[in-house]
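>>> Just need the structure, nothing else, for what follows:
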Amino acid sequence: MTTVHFTDFEGTVRDVEANPGDSVMETAVRNGIPGIVAECGGSLSCATCHVFVREDCQAGLPAPSEMEDEMLYGTAEDRQDNSRLSCQIRLAEGADLHVTTPETQV
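You can find the predicted model right below:
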């Protein structure tokens, strides 16, 4: 089973079953997860799907592309070492990913 655990800035956790191959952003939008605006729909032209990936989950993810890295400088909440755009994280079969949404995306 592929699962994404979304924690909002207040600490509320929502566990969502996800489809392998989908992005974290697609999973969030499909399941009405608050804190993911996704204005551009995943075309990597905004930064409104910013998430913080839990440290122990980072090793299993590919590094951000150069374009994602640049877009992360435009987030509403300051970028951190574990910042990612959820539209750029594709879920693998059996993934168990923990992410936290920032207080604001805009």
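
>>> got any ranges where the chain has weak pLDDT?
Within the chain, not a single segment meets pLDDT under 70.

>>> Sketch out the strands for this structure, chain order is fine.
For the chain, the strands defined by DSSP state E occupy 2-7, 13-18, 50-53, 83-85, 96-100.

>>> so who does the most centrally placed residue in the chain touch?
In the chain, the C-alpha nearest the mean C-alpha coordinate belongs to Ser86, at 2.8 Å (C-alpha atoms, centre = their mean). When contacts are counted by C-beta atoms under 8 Å, 6 or more residues apart in numbering, Ser86 touches 23-25, 28, 36, 38, 49-51, 99. Any C-beta I mention is one placed from the backbone N, CA and C, and that applies to glycine too.

>>> repeat that with 10 Å
Going by C-beta atoms under 10 Å, 6 or more residues apart in numbering, Ser86 touches 4, 6, 23-29, 33, 35-36, 38, 42, 48-51, 53, 97, 99, 101.

>>> And Arg90, by the same measure?
Per C-beta under 10 Å, 6+ apart, neighbours of Arg90: 20-24, 26, 61-62.

>>> Pull out the buried members of those.
Among the contacts of Arg90, the ones that count as buried by 16 or more other C-beta atoms under 10 Å are 22-24, 26, 61.

>>> Including distance to Glu93, could the residues you listed go into JSON lines?
Formatted as JSON lines, the buried ones among the contacts of Arg90 follow (distance: C-beta to C-beta, whole Å):
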{"residue": "Asp22", "distance to Glu93": "11"}
{"residue": "Ser23", "distance to Glu93": "15"}
{"residue": "Val24", "distance to Glu93": "15"}
{"residue": "Glu26", "distance to Glu93": "16"}
{"residue": "Leu61", "distance to Glu93": "14"}
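
>>> quick one, helices of the chain?
24-30, 55-58, 66-71 (DSSP state H).

>>> Which neighbouring elements make contact with the shortest one?
I take that to be helix 55-58. Helices and strands touching helix 55-58, as assessed by 3 or more C-beta pairs under 10 Å, 6 or more residues apart in numbering; DSSP states H and E, comprise strand 96-100.

>>> Paired strands for the strand it packs on, with orientation please.
strand 2-7 (parallel), strand 50-53 (antiparallel) (DSSP bridges).
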